[in-house]
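S.K.: Quick one, fold the following:
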Amino acid sequence: MIFIVLFGEANKSYIEKINKKYNINLEAIQSIGFGVCNNSDYKSQTCKNYLRYFENSLERSIAQIKKEEIEKISHGKSKK
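M.R.: Down below sits the predicted model:
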């Protein structure tokens, strides 16, 4: 029962902020962390810590994707 209460979707304004900041197009984000944020109206320290963790993870994922794309392009050029 606790899982149902804590699991939640990020609010629309946060998704818009993330899309603009990272130039991506997320439609929805769901996790236990966003449930905590929704329950505290995005004001609790636990929520702030989660958002910091989420954005750091997102930045690492984006960097990894860009690195892989560059490697694919580089390998494609070296084969010619």
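
S.K.: any idea which helix or strand carries the spatially most central residue of the chain?
M.R.: What sits nearest the mean C-alpha location of the chain, by Cα atoms, centre = their mean, is Leu58, with 4.5 Å. Taking DSSP states H and E as the criterion, Leu58 maps to helix 45-78.

S.K.: How about Ala28?
M.R.: Using DSSP H and E, Ala28 falls within no helix or strand.

S.K.: per-residue pLDDT, the nearest residue to Ile15 once chain neighbours are set aside?
M.R.: Distances taken as Cβ to Cβ, 6 or more residues apart in numbering put Leu26 closest to Ile15, at 5.6 Å, once the chain neighbours are dropped. Glycine gets a C-beta too; all of them are placed from N, C-alpha and C. Note on Leu26: pLDDT of 85.

S.K.: For Leu26, give me the backbone phi and psi.
M.R.: Per-residue torsions, Leu26: phi -90, psi 140 (degrees, to the nearest 10).
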